[in-house]
Structure formats: C-alpha cells, structure tokens
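Colleague: Predicted model follows, preceded by the sequence.
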Amino acid sequence: MAKGLRVMQQKLRSMDGIIEVHDARIPFSGRNPLFEDRLASVRPHLFVLNKIDLADMSRKDEIVSRLKYEGVTEVILTNLKNGQDKASKEIVSKMIDMIKSGTRFDRAMTSPSSYNLLVIGIPNVGKSSLINRIRTVHTKREGKAAPVGAEPGVTRAVQQGILVNIKPKVYILDSPGIAQPRVNNVVEGMKLALCNIIHDHKVGIDIVADFLLFYMNKAADFRYVKAFNLDNPTDKIMEVLVKIAVDQNIYHKVKPVTGGPWMEKLNLEQAAYFMVDSLITSLCSRIEEFGQRYNILCPDRCSIVSGLYVKMGLPVLTDTDIRDLVAEVFGLKVTSSKRLDGYDDVNYHVKVSPTSQNAHFLSLSEDGYILKIGNPNVSSNLDNIDAQNAMMMYLNENLSNVEVSLPLPSTRGNYKEVVNVPLHENVDPLNGDAPPLKVVVRMLTFIKGTTMFHVKSEPGREVLISIGRLTGQLIHSLKGFDHPGVITAKEFRWSLENAPDVEDKMHAVDDPNQRGCFSQVLADFEDMKKKWCDKCPQGIIFGDLNEGNIFLEELPVSCWDSAEYYVKGIVDFADHHRCCSVFELALSMCYMMLESCRKGTVRPIEAGGLVLAGYLQSNTLTEGEQHMLKISIEARCVQSLVMGQYSFKYIYPDNLYVLNTQTSGWQVLQQLRQLTAKELWSIWDQVLSAVNTTDGTLTNDHH
C-alpha cells in the first residue's frame with residue numbers, strides 16, 4: 001500500500017484532477033483517509049459513488065449532505081451496469097469544468113490542451129469499469145482498456161494513461177485499490193467484506209455468515225427462515241449452514257486423518273457462501289446501516305458527528321465483566337446486575353453483598369447502586385465528568401425535599417476512574433486483536449422509585465406544580481455553583497440555543513405543512529433570541545428535567561388528597577451547560593406538556609401553566625424571559641420532532657421509539673401556534689390565579 005501511494009503521489013505532479021470512486025452501499029465506510037491527506041486535497045476532486053443499483057437511494061440527500069459537510073463538495077452517483085447511465089457520461093465534462101474554474105498546475109512535458117486525470121479508490125469499487133465506460137462513451141472504442149474483475153486487487157500497479165476523450169484529449173490513469181491499513185472495528189470490516197472489498201478468506205466466510213445472521217436477528221428480519229426452509233428463527237449459525245448444505249446437496253470428499261477411504265461430508269464453507277450470496281442481494285442497500293440502525297454496540301440516543309447522527313460505540317459487558325469491574329474498582333461484591341435504559345452511557349443497577357473491601361463506604365445500601373459506564377466521547381472530557389460530580393454533590397446540599405443521585409468513591413477515593421473495559425464486538429478482522437475501550441466508570445447512589453415515564457396517571461396537577469417548584473429551585477440553587485468543566489451552549493448540540501441548527505435536517509420531514517411550520521418557528525425563535533437572549537439572566541442549567549429523569553414515589557393512602565405521587569428525586573446531569581436561565585423553565589414546561597398530552601392527564605396548555613405556577617411561587621420572570629418563553633417551548637418541540645423524524649428515516653427505520661413524541665409533539669406545537677402570546681399568557685394567568693401564586697410576580701406586563 002505504501003509503495004502504491006508513493007507512485008500515485010509521483011504521478012500526481014502531472015495530474016490535473018482526481019476522480020475518487022467508492023461503493024454507494026457503504027458511502028462512509030472504508031474510505032482511505034490518506035487519499036484526502038496526500039492526494040485529493042491538492043487537486044480538483046470528484047467523488048463518484050458507484051453501484052447505486054445496489055444501494056438505498058432513498059438516502060441520497062442525506063448521503064450527499066453528509067459528504068458535503070465533510071468537505072466532499074462534488075459528488076456524482078453512477079450505475080455502470082446500466083449502459084444508459086447518464087451520470088457516467090458527465091464525469092469528463094464535470095472534471096474539465098472543475099479544472100478550468102480552479103488553478104491549472106504547471107505540468108511539464110504535457111500539452112496544455114490536454115488533461116490528465118487519476119482514478120483512486122479502495123479495491124473492487126469499480127475504478128477500472130468506470131474508465132472503460134468513459135472510454136467507450138467518448139471514443140466509441142469497445143473492449144477493456146483497464147483490467148476489471150469481481151475480486152479486489154485486479155489492478156496491481158498505477159497504469160499508463162488511457163485516452164478516454166478526443167476533443168479535448170483527456171487521459172485517465174488507473175490505480176491499484178488501496179485498502180485502509182487498519183479496519184476500525186468489526187462492523188466496518190464486515191461491511192467491507194460483504195461488499196467484496198476485503199477478501200472473504202481474510203475474514204472467514206463462516207464469520208461473515210454469522211455476522212449476517214446476528215444482525216438480521218437483532219433487526220427482527222427473519223426472511224432467512226423462509227429462504228432456507230427453517231422451522232423457526234435461530235441464532236446458531238451451524239444449524240443454518242447444516243440445513244442449507246443438506247437441502248442444497250452441498251458435500252465434499254475428505255480423507256480421514258486416521259486413514260481409510262474418502263468420505264463425503266457436508267461442505268459448510270460452501271454453504272456459508274450460498275447463504276451470503278442468497279441474502280446479500282436483498283440486504284445490499286442496507287449494508288452501511290449495519291452497526292447503526294441495529295442497536296448492538298450503541299445506546300438509543302445518537303450523537304451528531306460530522307453533521308450526521310451516528311451511534312457511539314459502547315462496551316458490551318458480561319455478568320463476569322461487571323463483577324470483576326466492581327470488585328476491582330470499588331471493592332464490592334456484586335450479587336446481581338440489571339441493564340437499565342440508557343442513552344449516552346451504559347447503566348447497570350447492581351446489588352452487592354453486605355461485606356466491602358472499600359474503606360470509603362461507611363455503610364452499604366440494600367437497594368443497590370448504579371454503575372455508570374461512560375461512552376468514549378463523554379469519557380474523553382474528564383473535566384465535564386468532574387463538573388457533573390460536583391453539581392450532584394452541590395445540589396444534594398442545596399435542594400430541599402428532592403433526592404439527587406450522588407457519586408461514590410472508588411477504593412482509591414476517587415469519584416471517577418478511567419479503566420479499560422472489553423468491547424467484545426471491537427475485533428479487527430484482519431489482525432484478530434480485541435483492543436479494550438478506555439472509559440470513565442462511576443458508582444452512584446440508587447434512587448428508589450419509578451420514573452414518571454412509567455407512571456400512567458402522572459403528571460397530574462400537583463406533580464406539575466411540584467416540577468415547577470423544582471425548576472425554580474434548580475435555577476436559584478445553581479446561581480451559587482460554578483465549575484471550569486461546565487460547557488457552554490455552543491459546545492452542547494442539544495442546547496435550546498442551537499435549535500435553529502436542525503434546519504439542516506428538515507429534508508427528513510415529509511409533511512410540507514410540518515416543514516413550513518417548523519421553519520417558521522425556527523425563524524421566529526432566531527429573531528426573538530437575537531432581540532432578547534443577551535438581556536435575559538444567564539447561568540448554569542440542569543437542562544434535562546424530563547419524564548425519564550424524574551423519579552416519583554407513591555404517597556401513603558392516608559396522605560392522598562388530590563395527588564397519589566410526589567417527586568422523589570432526579571438523575572442524569574450530563575446535559576448541564578451555560579445558557580439563558582429561562583431555557584430551564586422552557587424545557588421543563590415543554591417536557592411536561594408533551595407528557596401530559598401523551599397520557600391525557602392534563603390539557604397541555606394548562607399543564608404548562610401549572611409548571612409555570614409552581615415556578616413563580618419562588619421566582620420571577622424578567623421582560624425578556626416572558627417574551628422568550630412561548631417561542632422557546634415551540635423551538636424545543638421542533639428540535640425533538642425534526643430529530644425524531646431524521647433518526648427514524650436515516651438511522652433507525654425499524655425503531656418506533658424515536659418517534660415517541662411525534663404525535664404529542666405536533667399536537668402541542670399546533671396548539672401553541674394557534675395562540676398569540678397575549679392569548680397564551682391570558683390562559684396561563686387564569687391557571688396562576690387558580691393555583692394562587694401570591695408569592696410569585698411578573699416584573700412587567702406580559703400582555
């Protein structure tokens with residue numbers, strides 16, 4: 001590979017432009033980063049996605065959008081199997097236009113009226129086929145000027161120039177496919193193998209077949225059952241291969257090691273080839289989604305990386321891994337562990353034996369603890385982890401009547417530890433090693449109760465007012481808190497301040513009425529933000545007071561009045577950041593309006609008023625905050641709605657969970673948009689009067 005790159009760099013001195021060819025089935029996997037660093041960045045660069053006949057072109061806009069975000073501005077999609085493919089006919093003219101519009105490099109010993117182009121790409125993506133097609137189209141010459149083949153590595157060296165156009169003269173040099181020197185993880189390696197970019201024998205066709213079976217089962221895609229005449233779905237690859245070999249009469253002769261006559265045995269290797277070949281045609285358009293839409297290595301929430309939602313790799317721990325980790329880091333003996341719902345982190349509820357090897361644990365809880373294992377992105381920001389821990393301990397001292405999950409010390413007395421944990425799926429298929437993942441682990445106190453999400457009757461009136469009070473307490477208490485690890489709104493993608501950024505994902509919204517409404521909300525929010533945001537009080541906010549982070553506990557029957565539950569505690573401090581303080585209130589009101597709408601407990605507009613009423617019992621709103629409140633709630637609705645549809649369309653097509661707030665969110669947003677600010681505040685005033693918020697005042701007339 002190094003030799004091939006050196007030769008291409010030498011040839012680059014006489015090149016006018018570069019055509020990079022890649023497989024449209026895996027537009028973001030396997031691209032060699034050295035291409036960009038050493039080749040494509042110094043000449044006009046055209047990126048050709050080939051084999052679109054095998055790819056899912058419903059994702060075309062999203063693919064092109066991400067490539068442009070990553071700096072690939074000129075993209076053409078081709079299907080070289082189609083002799084009438086128009087895109088391949090435009091490549092030469094496109095490259096000439098790009099060269100003419102840029103700086104023409106001095107190319108000694110070549111005619112100024114001719115053009116030299118270099119074709120690059122990883123193996124078996126169709127580089128030579130593209131050259132032959134262009135040559136046939138523009139010179140009318142049939143035949144193969146560049147060698148082609150279905151296997152990777154047919155082109156062994158940088159070829160001499162091939163004339164592909166007469167007027168002007170355009171020469172194209174073919175190059176050997178240069179695979180990425182190291183595959184980042186098993187998912188990417190398998191995708192390359194499925195596209196025949198990595199030789200099957202370097203991975204093992206049986207492993208590739210097992211990979212397909214694994215992910216199809218995880219996606220509840222059981223087409224293989226009918227295809228191979230199985231009785232039921234199975235996760236045992238040998239059962240599938242044996243069934244295929246028997247049904248298809250796939251045998252081979254082997255000689256026993258102990259001697260004797262040749263014997264016929266099932267050829268499971270050929271059965272694996274049969275399985276992959278049979279399934280790959282129907283799955284080929286979804287290869288890039290392996291490891292993304294199928295929730296194996298990653299949490300449910302996505303993180304924007306290079307402008308696209310991508311999943312973050314997380315450790316996959318066995319029960320033994322958990323026991324060993326807790327014993328080594330925290331000196332506790334785990335008796336049971338249960339994986340909890342999580343987004344950015346992996347969380348386990350662990351119970352421990354009454355004996356401890358940790359001198360910092362004065363007593364042990366029978367209810368157990370939360371083992372929190374950070375994802376690699378979060379774990380890389382240790383200052384922010386420190387800020388989370390400091391905030392938890394600060395609020396534990398300053399919040400009244402509400403429990404806060406607290407960090408507990410390791411055997412070394414630290415509230416966080418950076419450790420290596422296994423990522424069992426992260427095996428390099430070429431080298432066979434399984435590098436551990438370096439992450440931050442913490443032990444937190446366990447809050448006994450039920451998340452609001454799982455309580456069908458809440459939020460009711462009393463709980464909504466309590467959430468408002470809690471929101472006010474958080475804003476008031478956090479005025480006295482600071483830490484250098486707290487990030488700003490610009491650094492936090494989910495900050496309400498960044499709501500206008502979802503405009504880039506609006507193409508995922510199919511309903512034109514919704515698109516129009518969303519865009520108008522974002523424009524109104526941007527205008528209001530420019531006018532009032534700097535005039536509003538700023539501070540650190542908790543930022544995620546939603547139904548999943550609020551724990552409720554049932555009141556004793558003797559205490560029942562109008563409420564059956566009370567707010568017991570809060571968890572998850574990962575969304576804290578610096579921004580307008582009123583965003584804390586807007587987020588709380590938005591989440592409670594959505595949850596009330598989803599469950600039908602309280603009318604959404606009234607629910608927002610009840611949260612506001614609780615907030616105003618100990619807080620006030622400035623003029624700017626009053627103006628910002630309505631549009632901020634609307635902007636958060638749009639943020640959630642657009643991101644949900646984008647995730648479902650491009651990342652989780654089978655995961656209805658990401659559409660959880662779509663119905664309620666659209667209903668709440670429509671109700672808000674039908675009201676002017678004056679009308680909305682009039683309704684809220686009635687709610688405030690009913691709750692008798694004599695302790696809260698508005699500093700200005702909000703009508």
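Modeller: Thanks, I have the structure now. Residues are numbered from 1 along each chain as shown.
Colleague: Just give me how far whichever helix in the chain runs longest sits from the chain centre.
Modeller: Looking across the chain with DSSP state H, the single longest helix is helix 623-650. Helix 623-650 sits 19 Å away from the centroid of its parent chain (CA atoms, centre = their mean, to the nearest Å).
Colleague: buried residues in that helix?
Modeller: Within helix 623-650, the residues that count as buried by 16 or more other CB atoms under 10 Å are 624-650. For the C-beta atoms, the positions are set from N, CA and C on the backbone; glycine is no exception.
Colleague: Quick one: list the elements packing against it.
Modeller: strand 308-310, helix 512-532, helix 582-599, helix 662-673, helix 677-691 (3 or more CB pairs under 8 Å, 6 or more residues apart in numbering; DSSP states H and E).
Colleague: hmm, try it at 10 Å
Modeller: helix 60-69, strand 308-310, helix 512-532, strand 577-580, helix 582-599, helix 604-616, helix 662-673, helix 677-691 (3 or more CB pairs under 10 Å, 6 or more residues apart in numbering; DSSP states H and E).
Colleague: By mean pLDDT, show me the worst of the ones you listed.
Modeller: Ranked on mean pLDDT, the bottom entry among the helices and strands packed on helix 623-650 is strand 308-310, at a mean of 26.
Colleague: which secondary structure elements does the next helix or strand after it contact?
Modeller: Per DSSP states H and E, strand 308-310 leads on to helix 319-330 as the next helix or strand towards the C-terminus. Other elements packing on helix 319-330 under the criterion 3+ CB pairs under 10 Å, 6+ apart are strand 332-340, strand 345-356, strand 369-374, strand 417-421, strand 437-445.
Colleague: what's the closest of those to residue 403?
Modeller: Checking the helices and strands packed on helix 319-330 against residue 403 by CB to CB gives strand 437-445 as the closest, at 8.1 Å.
Colleague: Provide the strand pairings for the closest one, with the direction of each partner.
Modeller: Using DSSP bridges, the strands paired with strand 437-445 are strand 369-374 (antiparallel), strand 407-408 (antiparallel), strand 417-421 (antiparallel).
Colleague: Mind putting those strands into CSV with mean neighbour count, distance to residue 671 and mean pLDDT?
Modeller: Shown next, in CSV, are those (neighbours: other CB atoms under 10 Å; distance: least, CB to CB, whole Å; pLDDT from 0 to 100):
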stretch, mean neighbour count, distance to residue 671, mean pLDDT
strand 369-374, 24, 37, 91
strand 407-408, 20, 40, 94
strand 417-421, 16, 46, 86
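Colleague: As a markdown table, these with distance to residue 221 would be great.
Modeller: Formatted as a markdown table, those follow (distance: least, CB to CB, whole Å):
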| stretch | distance to residue 221 |
| --- | --- |
| strand 369-374 | 29 |
| strand 407-408 | 41 |
| strand 417-421 | 30 |
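Colleague: Determine which of those approaches residue 666 most closely.
Modeller: strand 369-374 (33.6 Å).
Colleague: Just the CA atoms of that closest one, as CSV, please.
Modeller: Extracted in CSV, the C-alpha atoms of strand 369-374 (Å, rounded to 0.1, in the frame of the first residue of the first chain):
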residue,chain,number,x,y,z
TYR,A,369,-26.2,1.2,43.3
ILE,A,370,-26.0,2.5,39.7
LEU,A,371,-22.8,1.5,37.8
LYS,A,372,-22.4,4.2,35.1
ILE,A,373,-20.0,3.5,32.3
GLY,A,374,-19.5,6.5,30.0
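Colleague: For the residue lying farthest from the centre of the chain, give its distance to residue 267.
Modeller: Using CA atoms, centre = their mean, the residue of the chain lying farthest from its centre is residue 260. It sits 57.3 Å away. Separation of residue 260 from residue 267 (CB to CB, to the nearest Å): 20 Å.
Colleague: How about residue 357?
Modeller: From residue 357 to residue 267 the distance is 54 Å (CB to CB).
Colleague: more crowded one of these two?
Modeller: With neighbours defined as other CB atoms under 10 Å, residue 357 and residue 267 compare such that residue 267 has more, 19 against 12.
Colleague: The more buried one: what's it in contact with?
Modeller: Contact analysis of residue 267 by CB atoms under 10 Å, 6 or more residues apart in numbering lists 241, 245, 248, 249, 250, 251, 252, 253, 254, 273, 274.
Colleague: Show me which residues of stretch 213-222 are buried.
Modeller: For stretch 213-222, by 16+ other CB under 10 Å, it's 213, 214, 215, 216, 219, 221.
Colleague: Look at the third one and tell me its secondary structure.
Modeller: Think residue 215. Put simply, residue 215 is helix when judged by DSSP: H, G, I helix; E, B strand; the rest coil.
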